[in-house]
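K.L.:
Turn this into a structure:
(one chain, ligands or ions: 2)
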Amino acid sequence: MDIATTPTNPEGNPEIADAAPTPHDPPVIRREDYTPYPWLIPATKLVFDLGVNSTKVTATLSVERNPDAGASAELRLNGDSLKADAVLLDGETATCWEMDEADLVITLPGEAHEVTIETTIDPSANTTLMGLYASNGMLCTQCEAEGFRRITFFPDRPDVLSTYTVRMEGPKDQFPVLLCNGNNTASGEGEDGMHWAEWHDPWPKPSYLFALVAGDLAANSDTFTTMNGREVELNVWVRAEDLPRTDHAVESLKKSMKWDEETFGREYDLDLYNIVAVSDFNMGAMENKGLNVFNTKYVLADIDTATDGDFDAVEGVIAHEYFHNWSGNRITCRDWFQLSLKEGFTVLRDQLFSQDMQGEAVKRIEDVRILRAAQFPEDAGPLAHPIRPDSYREISNFYTATVYNKGAEVIRMMRTMAGTEKFRLGTDLYFDRHDGEAATCEDFVTAIEDGAGLELAQFRRWYRQAGTPRVEVSQELKDGGLALTLKQTVPDTPGQDAKGAMPIPLRVAVHCRETGAIGEEQLIVLTLDEETFILPLSGPVPVLSINRGFTAPVVIERDLERDDLVFLAASDDDPFARYEAMQELAVNHLVAAASGDLDEAGRAAGKTAICDAVRAVVTDSELDDAMRGELMTLPSETYLFEAMASGMRKADPGAIHNEREQLKTAIGVTLKRELESLYARVVDIAFDDPAGRGARKVKSIIAGIFAASDPERAAIMAARQFDEAGNMTDRQGALMVLCGLQTPARDEKLKAFFDRYQGNDLVIDKWFTLQAFSLHPDVIDQVNELASHPDFTMKNPNRVRSLYMAFAGNPQGFHAIDGAGYRMIADLILALDPINPQTAARFVPALGRWRRIESVRAGLMKAQLERISEAEGLSRDTFEQVTRSLG
Ligand code: ARG
Ligand code: ZN
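P.N.:
Residues are numbered from 1 along each chain as shown. Ligands and ions are numbered 1, 2, ... in the order given. Below is the predicted model of the structure:
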């Protein structure tokens, strides 16, 4: 999500910039204003004369009236920073056109025409990384959401589907590989070292799924035979030197293809599947039809350079983009307000896939942790929006945790209520009914309703209403059962108040603390503002286990006794509920301590209870280490801010940080012996032992705890782990601990790491991140210094994120009490905005959280937002985010 330094016109073309200046108050686009496009574009022919500094694009569009839309003679073709070199109508030079700001508008005399337009673009000057751009000498594209209009004039909206035929030509030595969507239909040599390729994609698609790649690439190739016996050629294209790191991507692709056949009945529909890895990329990856373009981060992995987490991320993103072939490409979105139709559903699909690959419990915990760290704060702040937004100025700003991750949770709730088998009937009906269409979220819900036999009238509120619902729990014994009363409230969010109750599915069970009896699980659905459910008891001392598996994306407000939480943490049969009880124990204590609500005795009692619970986890011989690691993980500071900022109370980042560090110290001191023997056990588990992953996780967590309780010892331990590491997980885990310590080993190992991996961009990104994210007291100075490091550049989003996204996520540095962290991020946004606005705007939400932070810091954060808002010529992206954040 981010970028660079020299303010230049992103197009590098002053003429064009003059013609279409960045509007000061960019227009608001509204969902309710949707109208179908008046023309159909059944066929599109594109010819590319490729050059890094100048590429000529000739686009020929077959155009005919759309019988389902209001008649209009006007053919509006979107453009962004483009100039038409020529416009032809039915082969003749046309005069019936004019520019309307950035768009080209042609008045068409008849019912059907052929429109040809020539444009010339400079990929090397394109620092926005939208449209056609150059990366390491190769050419590639990113068109979602509105990048195609930077290549040629076109109805650049997802509901205009067209069949594409593309011819690309360029110097063979520079671009030995020429790729596009669909199938390669012809290729040949031209004169003067030129060569060409023609591609045809038989599947009609919107312009955002167009892609083209030209460069010097090598492929890791394989095949996959589909359920109906179609043999598909698979290629993962990278720079030749990266080939040894592509096996995991290829394996992940094959697993994804198989899984989607088995789980959702979806078969691939072309003979070729290409993936290209690009090192300059704004996001994670892109699902272009038959030609996915990926950030290298989500393709390249081997044991020496990638952590266990990196391997999982590659597998998950490969799956995500592959699954889009059905949930996104075969069925696309009518308009960008429907983005969650493809993204929410595809995230759910990739989560379910990863649960099957990696283990359900741990994956679910990880997904909930991401939701709480990224989406809950968004939903509680000035940028809150429903999963189907009502308006935007810049659609790139709506590729959010809400649209993606909450969108997935909303569909997961339908699946929970329907049950897996009925849900499948619903998705089958959806794919069947809307194949080949540009659909809406409403279409999806209706298909699930009809196919799964669910009634979802009230459930549709989840699409309309922003804000994380809060469910207040109270209980009493009644008629031999537990009377459970649940009260829901949906908080006000910008532009939305007085919201209606939403259906909230909750898996619940009532255990008994005295006998240890585990109650039977049932699913209840809270649909009213307040509702009472009678649950059967399993013994005399009932303990409620609720929102098991995190069946609903809500905040549960319950006042459980500490002993109940300790019992649930040690004994609940639902792994998520165990994790949740551990988190709650820590959250309750840390928020109370940070708020000054605890006296010395209360503080000591809280720590003792948590240490007891951690001891039980550390010594539980039934637990596998991967789950043990989850249970040992303290709630993140961001999550604690959310918990602390409720009602009138604001979050105090300094107090939270200190209390959390003190708790780590207490755990390290109290459980020294237990943690040491756990470390001694796991340190000997071999890398490729099935238990190896869990072992590595636990090792790094223990080192982190000792870093707080016994820094000298931790430094020795971590230095040794670093030296002996045979894989990146151990190496990075050790270096992370060292980075936070004031020890000579810190600089020594950082240097060793840098020297070892110099030239490997993805690993050097880690080197920047480890320092920017560290607990070191001088982190601000260190980050400032790293910004002048020769390997730092504002032009590469991965590198910018590696330093500054890590820093913005480092509460201790970002929330420094003098405001230096806020200023640093504001400076970055201002420097990056002219280069790469999309990535610059991604840094605004960190400052936008000011309303939930205590007043001194809040004032400093707000002042930086105001400073940004006063800058001349802000991009639409940053303008929108800053305006909303201050609003
Ligand atoms: N559809 C892509 C994905 O899977 C995201 C692309 C968004 N790109 C952008 N520039 N906004 O998830
Ligand atoms: Zn996606």
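K.L.:
how much space is there between residue 253 and residue 264?
P.N.:
Distance of residue 253 to residue 264, given as CB to CB, to the nearest Å: 16 Å. In this view, the C-beta of every residue, glycine as well, is placed from N, C-alpha and C.
K.L.:
of those two, who's got more company?
P.N.:
Set residue 253 next to residue 264 and count neighbours by other CB atoms under 10 Å: residue 253 wins out with 24 against 18.
K.L.:
Can you give me the buried ones in the helix or strand where that one lies?
P.N.:
Secondary structure from DSSP states H and E places residue 253 in helix 247-264. For helix 247-264, a neighbour-count test (16 or more other CB atoms under 10 Å) marks 248-250, 252-257, 259-261, 263-264 as buried.
K.L.:
How far off centre is that helix?
P.N.:
20 Å (CA atoms, centre = their mean, to the nearest Å).
K.L.:
could I have that helix exported to PDB, CA atoms only?
P.N.:
The C-alpha coordinates for helix 247-264 follow below in PDB (Å, rounded to 0.1, in the frame of the first residue of the first chain):
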ATOM      1  CA  ASP A 247       7.200 -24.700  -6.900                       C
ATOM      2  CA  HIS A 248       5.000 -23.800  -4.000                       C
ATOM      3  CA  ALA A 249       2.900 -21.500  -6.200                       C
ATOM      4  CA  VAL A 250       2.500 -24.200  -8.900                       C
ATOM      5  CA  GLU A 251       1.400 -26.700  -6.200                       C
ATOM      6  CA  SER A 252      -1.000 -24.200  -4.600                       C
ATOM      7  CA  LEU A 253      -2.600 -23.600  -8.000                       C
ATOM      8  CA  LYS A 254      -3.200 -27.300  -8.600                       C
ATOM      9  CA  LYS A 255      -4.600 -27.700  -5.100                       C
ATOM     10  CA  SER A 256      -6.900 -24.800  -5.700                       C
ATOM     11  CA  MET A 257      -8.200 -26.100  -9.000                       C
ATOM     12  CA  LYS A 258      -9.000 -29.500  -7.400                       C
ATOM     13  CA  TRP A 259     -10.600 -28.100  -4.300                       C
ATOM     14  CA  ASP A 260     -12.900 -25.800  -6.200                       C
ATOM     15  CA  GLU A 261     -14.100 -28.800  -8.200                       C
ATOM     16  CA  GLU A 262     -14.700 -30.800  -5.100                       C
ATOM     17  CA  THR A 263     -16.100 -28.100  -2.900                       C
ATOM     18  CA  PHE A 264     -18.100 -25.800  -5.200                       C
END
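K.L.:
Give me the helices and strands touching that helix, please.
P.N.:
With contacts taken as 3 or more CB pairs under 8 Å, 6 or more residues apart in numbering; DSSP states H and E, helix 247-264 sits against strand 218-225, strand 231-238, strand 272-278, helix 308-323, helix 339-358, helix 420-434.
K.L.:
Show me which residues of this protein sit near ligand 1.
P.N.:
142, 144-145, 282-283, 286-287, 320-321, 343, 396, 399, 838 (CB under 6 Å from any ligand atom).
K.L.:
Most neighbours among those residues, which one?
P.N.:
residue 838 (28 neighbours).
K.L.:
wait, it sits on residue 396?
P.N.:
Yes - assessed by CB atoms under 8 Å, residue 838 is found in contact with residue 396 at 4.8 Å.
K.L.:
shared neighbours, those two?
P.N.:
residue 877 (CB atoms under 8 Å, 6 or more residues apart in numbering).
K.L.:
Next up, identify which helix or strand residue 506 is on.
P.N.:
Residue 506 is part of strand 504-512, with elements assigned from DSSP H and E.
K.L.:
For the helix or strand just after that strand, buried residues please.
P.N.:
Downstream of strand 504-512, the first helix or strand assigned by DSSP H and E is strand 522-526. Under the neighbour-count criterion of 16+ other CB under 10 Å, strand 522-526 has 524, 525, 526 buried.
K.L.:
for strand 522-526, the distance to its chain's centre please.
P.N.:
30 Å.
K.L.:
now it and strand 504-512, what's the angle there?
P.N.:
Counting by axes from the mean of the first three to the mean of the last three CA atoms, to 10 degrees, strand 522-526 lies at 130 degrees to strand 504-512.
K.L.:
Touching the helix or strand following strand 522-526 from outside, list them.
P.N.:
Counting by DSSP H and E, the next helix or strand C-terminal to strand 522-526 is strand 530-536. With CB under 8 Å, 6+ apart as the contact definition, strand 530-536 has outside contacts at 478-479, 481-488, 508, 510, 519-520, 522, 524, 544.
K.L.:
now strand 530-536 and strand 522-526, what's the angle there?
P.N.:
If you take the same axes, to 10 degrees, strand 530-536 sits at 170 degrees to strand 522-526.
K.L.:
Flag every buried residue along the next helix or strand after strand 530-536.
P.N.:
As assigned by DSSP H and E, the chain's next helix or strand after strand 530-536 is strand 542-546. For strand 542-546, the neighbour count (16+ other CB under 10 Å) marks 542, 543, 544, 545, 546 as buried.
K.L.:
I'd like the next helix or strand past strand 542-546.
P.N.:
The helix or strand immediately downstream of strand 542-546 is strand 555-557, counting by DSSP H and E.
K.L.:
Sheet partners, orientation included, of that next one?
P.N.:
Strand 555-557 pairs in its sheet with strand 470-478 (parallel), by DSSP bridges.
K.L.:
And the strand it pairs with, how far out from the chain middle?
P.N.:
35 Å.
K.L.:
name the helices or strands packed onto the following helix or strand past it?
P.N.:
Counting by DSSP H and E, the next helix or strand C-terminal to strand 470-478 is strand 481-489. Other elements packing on strand 481-489 under the criterion 3+ CB pairs under 8 Å, 6+ apart are strand 470-478, strand 504-512, strand 530-536, strand 542-546.
K.L.:
now the angle between strand 470-478 and the last one, please.
P.N.:
Translated: strand 542-546. For strand 542-546 against strand 470-478, the angle by the same axes, to 10 degrees is 150 degrees.
K.L.:
next one: the second one
P.N.:
Following the same axes, to 10 degrees, one obtains 40 degrees for the angle between strand 504-512 and strand 470-478.
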